[in-house]
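**Q** Sequence first, then the predicted structure, then my questions.
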Number of protein chains: 2
Amino acid sequence: MRNVLPYMLQPKSIAIIGASPDINKLNGRPLHFLRRDGYAGKLFPVNPKYSDIDGLTCYPDVASLPEVPDMAIIAVSQKLATNAVKALGEKGTPVAIIFSSGYSEIGDEGAAYERELLDAAKEHGIHICGPNNLGLINAFENVTATFSQYADQPPIAGPVAFASQSGAFGTGISALARSRGIGLGYFVNTGNQADITLVDVLMEIADDERISVLSAYIEGLRDGRELIQLAHKAMTVEKPLIITKVGRKAAGARAAASHTGSLAGQDIVFDGVLKQHGVIRARNEEHMLDLVSAFSCCPIPNGNGVAFITQSGGAGVLMADRAEELGLDVPTPSAQTQAKLKEVIPSFGSSANPIDVTGQFLADPKILSESIKISLQDPNIDSCIVWLQLMHGHADLLVDIFTDVKNSVNKPFIVCWIEAPEQALQKLRSAGICIIGATERSVDAIAGLAQYGEARKLCASQTSAPEHVEILDTTVPGVAVPTMTAANMLESMGIPLAPTLLAETPEEARTTAEQLGYPVAVKIESPDILHKTEAGGVRLGLTNADDVETVTQEILAAAKAYNPSASISGVVIQRMAKPATELVLGLRRDPIFGPVIMVGLGGIFVEILEDVAFAAAPVTPPQAEAMLSRLQGAAILDGARGKPHVNRKALVEMICNLSNFALAHTEIAELDLNPIFADNKGVVAVDWMMIEDAKN
Amino acid sequence: MRNVLPYMLQPKSIAIIGASPDINKLNGRPLHFLRRDGYAGKLFPVNPKYSDIDGLTCYPDVASLPEVPDMAIIAVSQKLATNAVKALGEKGTPVAIIFSSGYSEIGDEGAAYERELLDAAKEHGIHICGPNNLGLINAFENVTATFSQYADQPPIAGPVAFASQSGAFGTGISALARSRGIGLGYFVNTGNQADITLVDVLMEIADDERISVLSAYIEGLRDGRELIQLAHKAMTVEKPLIITKVGRKAAGARAAASHTGSLAGQDIVFDGVLKQHGVIRARNEEHMLDLVSAFSCCPIPNGNGVAFITQSGGAGVLMADRAEELGLDVPTPSAQTQAKLKEVIPSFGSSANPIDVTGQFLADPKILSESIKISLQDPNIDSCIVWLQLMHGHADLLVDIFTDVKNSVNKPFIVCWIEAPEQALQKLRSAGICIIGATERSVDAIAGLAQYGEARKLCASQTSAPEHVEILDTTVPGVAVPTMTAANMLESMGIPLAPTLLAETPEEARTTAEQLGYPVAVKIESPDILHKTEAGGVRLGLTNADDVETVTQEILAAAKAYNPSASISGVVIQRMAKPATELVLGLRRDPIFGPVIMVGLGGIFVEILEDVAFAAAPVTPPQAEAMLSRLQGAAILDGARGKPHVNRKALVEMICNLSNFALAHTEIAELDLNPIFADNKGVVAVDWMMIEDAKN
């Protein structure tokens, strides 16, 4: 796949199947745009209706083309598209973009046409992008191979690549980018992704030296591991990857699934994997463009400390509020920094953070420029936002101030300018200064930079790309693994369990309990009894051998009565662990990402608040640590409510061992360690349920 | 106070003290603006330096004025301002706006000047707005009495009033409003609020028939009860009140307090009171203007059901995600509605919700207009958002479609138009159609309308304005009320407690326990021992009279040992309640709002998650019900985790009774009922701590 993408993204010649001289039609627009924008490669319109289009030779069919085009645009109806794919493949064209619609986006009937189209492409050795897409733009080489409204104005080249599964929303986002002066070096719509995916495209573009920021709009993925590979690649080439994925909530996910035909998967898993691999997630189109703007203008901050420089106390407070919500620090400047600030700021200003420079800087510009520079010299201040509004009479002065600052500092700063004069905006953008026009959004953008800085550190420890893993078909129900088999498997991977042994008879239970020490729990062991408590098969807190023997007799009898045909292995005897902070650890086979690890606090945190964090295996220790920090109830781990703090190192080790277990045991479909008891000494699982894939 | 506000807001004559011919100076700008905008009243510039300004007679001093001006602007330095106030007061001017700065905003020294200024005003019978403010605009009567940059362009009159404590941020918000085509009938900056407050101003404006939406930017309040009065007034005149208050978080609140000198109070209390009284809170300037725009264009929806009409599946999903986060419903249209939709929407569109009308409406406009109308006829759909992007070639067509819809429906709809053509925006605004240019923000705006609709229903039951209540000085530490005194007070107000009696001796404890029934708890009772457990003064679960007698002896001995000088009243014996769902109820004297009631779920919900809801007393039953629904763990009340559901009616009654208690017992500074046990039968407090104000 990868070797055909240069033909698609940087074609030296393009055939347009179904080309039209009518620039208002989707089959007329690409040729018009390509010529308008000065595309330097060869263009081959193909349409039996015309002998030339606007002076350019038009060929009656693909076979008649004088040479093999690098890439083709198929702009004919769904009925004709398959034949066009075949003809192009036979000609030797490596790749085609398919505008045609009427495929999986319209339901089952269309999906059959899409399979037919893909089969034809495979058979004739051609890769396809689409169908149901609106093309791509490579603004560096003037490849305006699209019918998108965005191209109604000539594209502006720049360091940002944007790939979108949605044509309409992608067009909207691109147009917003333009109006903010953000140059999109690439804009690619991948449509139904029958063959070439958004991830494929960004993997290729990530290597383009002209691109420094990767961004994507996603509705669904079929293979999440590809996305992890992309995230890893982006981290390796030091280019931030910013993704908006819809389907955050159930209602949205339902709509997304019906819209794209891709499996949406559980959003909490997707979100966990993005965080794990340093992908910055944008909530919506505005957030995405704010982040894109910040990343394309600013260096990456070293930490979470942000200073706010304003001449409006209120805006400073609003930004400080938002910073706290996002986990940023708003440090008080050091005594030294404050002393320097006081030398430049009028006495009625403030050298605390938010820093109030007052309106006096209009008379003395150094007040503002020096305040920014001094603040950013403070070791606890990693970034800053300068807030101002209107100032139409002072636009040039402010441009000079910010340009001076930009040339003098190497930490990120964002100018939050409410109702900025247009000429100032244009000049500042040309100077590579990030401008955002809304107060909270500017803080959100700084937070994105800081989050990425953290992620870079987190991912620095991970040197190789994560291996590819098999994704099980989780729609097949699995079978329960016997408790002792599961225990042996888990213990051999270093997962600590409460001491547990099988006893086949009441007498054996007696000696087993003596061996383990008291108190013990006794539980029925049968592959046919999953709801042990319901079957009268669980008894806790037994403190002597006589009780253990009697209770085992009772449990075995109750189980037989509950299910006379059940095969009963005996009972498991478990030394009861001292109650401590409860957690839950789990392994799932996600349909998108394969083996994923879940951690959460027990009780209401997992049951009511759904407060869990996910990551895809393999999970490194820093990633496991980050998962714990993401929990809403993370304070519990530090020993809230009079309980001892939890041994985080042991917990992190357990998560990583479970991740290794997931990769080693590809036959295990599902595993719950619930509950885990954790205290300041260590962690131990006191119950587990393991489900094996039925195919094994 | 109220009777002078018409002079300030609709003055028939204005004196400008310190007027200047230099329109670049703050003392030159108001006169220039007033004349530019055609203010029809009389203008009296006062400045000994000039005999006339631009052809208008300039007076050397206030005493020389030919008549008493309705209102004065004081635009002189802080040193001269007090004398100007005195002279104006002597002249008989009822009210003055004070631009001068150098008062409480700069610290203690300035605060002293501010007190001096206020004393002078009081002494000379004049009210003041400011100091440190930038004036006001009444755009209906062309009163451009400000030096704000916002007035650099002539103000546009409209149905929105905006009052701001911040001058700079207020100017920014006003300018943003203008660029969105929102007409501000009033823009008032209240500065340091030495005398006239933002609440005073909006109370007056609420009666102006030309205004239909009230909005405010707040940094801090001194008297929260005034705000409740305003909220009640706004509800009575059916005008939504939208407030942005900064200081949501600790960092922001600290900065706000240092900025304005107002007490910020606890934001969670402020937020609870706003929700209780139907005030819509905006997070930031963009959110505020989105809400203002929606409220000034749309009717109030009857419910939470919203339909999304798009030609981008992705945007539909993003909106559905956001709707679910905000608690809106995204109902599937009824079979009847879907049948009607299918008649107009092409087969490859979708009649589910989000509704995908496809791009075909450009050929057949009825597809879009009919889809909106049909959707809004569905009884479960209360509002709708129509999403689209660009469409520069079809601007007029779309204007026609939306204007047609606006004239045919009486439910709210918002057009979310990404990168809309400017001429369409202007026409749609003139037609009174709400346009928002960002996907999630359009859903936030609909949610604001729905929230207000709910609030109107909630407040409909409350017929009279809440009474004024005394606000205690909570900085004075209080004294603990004895358990039995507190119990009697609470029970007489209908607050159910676990049966509790005092026993002075071990023998009396014995008979008391027999009388109450077992199991019982025994607790030391002493005004000098607050930490009972620490003093060995609490024993639980006693089941017979002998144990009670022995334990009482032990407790009394332990208490004497713990604090030999303690005055010991005996022990309280309490019949232990059956454990159930735990809640916490509390009463506080908030420095801003006076008596406020708090409710939360017990355990980690209150301790770790700080999941509590506040309301100001008096609390009505629907308000108490709404407090419970706001809790993050509200699902617990419906019987999660195998526990029975909670008797909400009893809980609501307890909250309302506690609110009555708070109003009846103004001497009680603080009360905790913690825990409360609640099950499906009822609620009972099993422990309470009551603190009386030390002054009583």
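**A** Received the coordinates, thanks.
**Q** quick one, domains of chain A?
**A** As assigned by automatic domain parsing, chain A contains the domains A:2-294, A:303-460, A:499-575, A:581-692.
**Q** mind putting these in JSON lines, mean neighbour count and distance to chain B included?
**A** For glycine as for every other residue, the C-beta is placed from the backbone atoms N, C-alpha and C. Output for the domains of chain A, formatted as JSON lines (neighbours: other C-beta atoms under 10 Å in any protein chain shown; distance: least, C-beta to the nearest C-beta, whole Å):
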{"stretch": "domain A:2-294", "mean neighbour count": "21", "distance to chain B": "3"}
{"stretch": "domain A:303-460", "mean neighbour count": "21", "distance to chain B": "3"}
{"stretch": "domain A:499-575", "mean neighbour count": "18", "distance to chain B": "12"}
{"stretch": "domain A:581-692", "mean neighbour count": "20", "distance to chain B": "6"}
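**Q** Can you lay out those domains as TSV showing mean pLDDT?
**A** Compiled in TSV, the domains of chain A are given as follows (pLDDT from 0 to 100):
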stretch	mean pLDDT
domain A:2-294	93
domain A:303-460	93
domain A:499-575	92
domain A:581-692	89
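**Q** can you tell me which of those domains comes nearest to residue B:437?
**A** Nearest to residue B:437, of all these, is domain A:2-294, at 8.6 Å by C-beta to C-beta.
**Q** Make JSON lines out of the domains of chain A and add distance to residue B:224.
**A** Converted to JSON lines, the domains of chain A look like this (distance: least, C-beta to C-beta, whole Å):
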{"stretch": "domain A:2-294", "distance to residue B:224": "33"}
{"stretch": "domain A:303-460", "distance to residue B:224": "18"}
{"stretch": "domain A:499-575", "distance to residue B:224": "52"}
{"stretch": "domain A:581-692", "distance to residue B:224": "30"}
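**Q** Relative to residue B:181, which of those domains is closest?
**A** Among the domains of chain A, domain A:303-460 sits nearest to residue B:181 (C-beta to C-beta), with 13.7 Å.
**Q** measure that closest one end to end?
**A** Its first and final residues considered, domain A:303-460 spans 15 Å by C-alpha to C-alpha, to the nearest Å.
**Q** now that domain, how far from the chain's geometric center?
**A** The chain centre lies 29 Å from the centre of domain A:303-460; the measure is C-alpha atoms, centre = their mean, to the nearest Å.
**Q** now stretch A:619-636
**A** 17 Å.
**Q** and residue A:672, that's in a helix?
**A** No: under DSSP: H, G, I helix; E, B strand; the rest coil, residue A:672 falls outside any helix and is assigned strand.
**Q** what's near enough to touch it?
**A** A:584, A:585, A:586, A:688, A:689 (C-beta atoms under 8 Å, 6 or more residues apart in numbering or on different chains).
**Q** Mind doing that once more with 10 Å?
**A** By C-beta atoms under 10 Å, 6 or more residues apart in numbering or on different chains, the contact set of residue A:672 is A:584, A:585, A:586, A:587, A:588, A:598, A:685, A:687, A:688, A:689, A:690, A:691.
**Q** Just flag the most distant two among these.
**A** Greatest spatial distance in those: A:588 and A:687, 17.4 Å, computed using C-beta to C-beta.
**Q** Residue B:278: which of the domains of chain A is closest?
**A** Closest approach to residue B:278 among these is made by domain A:303-460 (23.1 Å; C-beta to C-beta).
**Q** Could you work out the end-to-end span of stretch A:201-220 for me?
**A** 16 Å.
**Q** got it, and stretch A:341-356?
**A** Length of stretch A:341-356, first residue to last, C-alpha to C-alpha: 10 Å.
**Q** Tell me where the stretch 301-450 of chain A has helices.
**A** According to DSSP state H, counting those that start in this stretch, the stretch 301-450 of chain A carries its helices in the segments A:313-325, A:335-344, A:366-377, A:395-408, A:422-430, A:439-460.
**Q** The last one vs helix A:313-325, what angle?
**A** Read that as helix A:439-460. Interaxial angle, helix A:439-460 versus helix A:313-325 (axes from the mean of the first three to the mean of the last three C-alpha atoms, to 10 degrees): 30 degrees.
**Q** try the second one
**A** The directions of helix A:335-344 and helix A:313-325 differ by 160 degrees, with the same axes, to 10 degrees as the criterion.
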